[in-house]
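[1] Okay, predicted coordinates and the sequence, questions at the end:
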Amino acid sequence: MILYSVIPMEDVFQGMDSFAPNYMEISHQGVMMQVEPISGFQARIVRLLSCNPQDYLKEQYTPGSVIAYSPDLPRSIV
């Protein structure tokens, strides 16, 4: 990627090294996905981990969509 800017490179990329997202892998309605928790019972979809191509066509699973989930479900933290 080429970035043309009058802003110094140090200012553009400031804080990039300290960014640590809190992603989790959950199964929501039988679809494995990676999400970022927003609040206690809501999460934003980051990406799908499903092997079923039909899951990628469903509008409710679009990355950036907010879903309701139960935090007590088995999951792994990434």
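    Cool, the structure landed. Residues are numbered from 1 along each chain as shown.

[2] Of all the residues in stretch 43-56, which ones are buried?
    43, 45, 46, 48, 50, 55 (16 or more other C-beta atoms under 10 Å). Just so you know, the C-beta spots here come from the backbone N, C-alpha and C atoms, and that holds for glycine as well.

[3] which one of the residues you listed is nearest residue 37?
    Nearest to residue 37 among those is residue 43, at 5.0 Å by C-beta to C-beta.

[4] who touches the closest one in this structure?
    If you count contacts by C-beta atoms under 8 Å, 6 or more residues apart in numbering, residue 43 has them with 24, 26, 35, 36, 37, 66, 67, 69.

[5] For it, what is the enclosing helix or strand?
    For residue 43, the enclosing helix or strand under DSSP states H and E is strand 42-48.

[6] what pairs with the very next helix or strand once past that strand, and is each one parallel or antiparallel?
    As assigned by DSSP H and E, the chain's next helix or strand after strand 42-48 is strand 66-68. In the sheet, strand 66-68 lines up against strand 42-48 (antiparallel) (DSSP bridges).

[7] CA atoms only for the partner strand - export them in CSV, please.
    As requested, the backbone C-alpha atoms of strand 42-48 are provided in CSV (Å, rounded to 0.1, in the frame of the first residue of the first chain):
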residue,chain,number,x,y,z
GLN,A,42,-24.0,-7.7,21.8
ALA,A,43,-21.1,-8.3,19.4
ARG,A,44,-20.0,-7.0,16.1
ILE,A,45,-19.2,-9.6,13.4
VAL,A,46,-15.5,-9.3,12.2
ARG,A,47,-15.5,-12.3,9.8
LEU,A,48,-17.2,-15.7,9.2
